[in-house]
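[1] need the 3D shape of this:
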Amino acid sequence: MSRRREERKNHYYRLARRLGYRSRAAFKLKELAQRFNLLRRGDVVVDLGAAPGGWLQVARSLVGDEGFVLGVDVSPIKPLPWSNVKLLRLDVTSPEAPEAILQSLPRRADVILSDLSPKVSGVWELDVARHASLVEAALKVIDAALREGGSAVIKLFQGPGLEEPLSWIEGRFQRVKLTRPKATRPESAEVYAVALGFRPS
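    Residues are numbered from 1 along each chain as shown. The predicted structure is shown next:
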């Protein structure tokens with residue numbers, strides 16, 4: 001890793017530690033939320049792939065006491081100190097996941113976040129296929145639990161294989177913007193689809 005890349009990585013790592021965020025990924029959501037006015041006070045938010053909880057912290061800070069945040073992950077998440085942040089240990093790809101998530105909400109979500117990522121094998125074709133299945137699972141949750149006109153943020157990977165999952169997202173939303181937050185590691189292929197104006201089928 002080059003010195004510049006290492007410094008950038010350490011900058012966000014140190015900043016996360018100093019500000020009390022559980023991961024440097026918190027700064028990705030902070031940037032996206034600010035740029036696209038994604039999270040408002042009182043919103044109901046679902047965070048898929050929520051461990052270790054950095055995005056949950058950012059979401060809760062933006063929706064305030066009036067909102068509700070549900071973190072979903074197959075891995076355990078250390079509880080957060082707010083009564084309106086709930087945790088659900090669940091495999092998002094399981095058939096029962098969309099209904100279980102909907103039943104855990106006070107109402108349909110205003111925003112659904114997906115930072116889901118497969119365990120990377122190093123074989124691009126395999127990793128793309130695994131990630132596509134996670135995007136498909138996230139979209140099933142969106143279909144079940146997102147209100148009409150709601151928004152979503154979904155992690156994708158740039159390169160061959162991007163077109164199909166991107167087309168799935170574009171078919172459901174009025175506007176989709178691909179963006180790469182500044183806190184993303186320079187060597188990473190990840191990019192985020194910010195999807196606005198959900199259109200239920």
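[2] helices or strands next to the biggest helix by length in the chain in the packing?
    Looking across the chain with DSSP state H, the single longest helix is helix 124-145. If contacts are counted by 3 or more Cβ pairs under 8 Å, 6 or more residues apart in numbering; DSSP states H and E, helix 124-145 sits against strand 44-48, helix 97-103, strand 109-114, strand 146-157, helix 163-170. For glycine as for every other residue, the C-beta is placed from the backbone atoms N, C-alpha and C.
[3] and the shortest one with strand 146-157, angle?
    Relative orientation of strand 44-48 and strand 146-157, computed by axes from the mean of the first three to the mean of the last three Cα atoms, to 10 degrees: 30 degrees.
[4] how about the CA coordinates for strand 44-48, as CSV?
    Only the C-alpha atoms of strand 44-48 are listed here, as CSV (Å, rounded to 0.1, in the frame of the first residue of the first chain):
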residue,chain,number,x,y,z
VAL,A,44,-37.9,4.7,10.1
VAL,A,45,-34.6,3.2,8.8
VAL,A,46,-33.5,-0.4,8.1
ASP,A,47,-29.7,-1.2,8.0
LEU,A,48,-28.9,-4.5,6.3
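[5] what pairs with it, parallel or antiparallel?
    Sheet pairing of strand 44-48 (DSSP bridges) gives strand 68-73 (parallel), strand 109-114 (parallel).
[6] of those, which is nearest P95?
    Of all those, strand 68-73 sits nearest to P95, with 14.9 Å by Cβ to Cβ.
[7] quick one, which of the strands paired with strand 44-48 is nearest to R40?
    Comparing the strands paired with strand 44-48 by Cβ to Cβ, strand 109-114 comes nearest, at 7.6 Å.
[8] same list (the helices and strands packed on helix 124-145) but as JSON lines, adding distance to A138.
    Listed next are those as JSON lines, based on distance: least, Cβ to Cβ, whole Å:
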{"stretch": "strand 44-48", "distance to A138": "6"}
{"stretch": "helix 97-103", "distance to A138": "10"}
{"stretch": "strand 109-114", "distance to A138": "4"}
{"stretch": "strand 146-157", "distance to A138": "6"}
{"stretch": "helix 163-170", "distance to A138": "9"}
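[9] can you say which of these is nearest to L87?
    Nearest of the helices and strands packed on helix 124-145 (Cβ to Cβ): strand 44-48, 9.7 Å.
[10] next, the angle helix 124-145 makes with the closest one.
    Orientation check (the same axes, to 10 degrees): strand 44-48 against helix 124-145 gives 160 degrees.
[11] pLDDT of strand 44-48, averaged?
    Across strand 44-48, the average pLDDT comes to 98.
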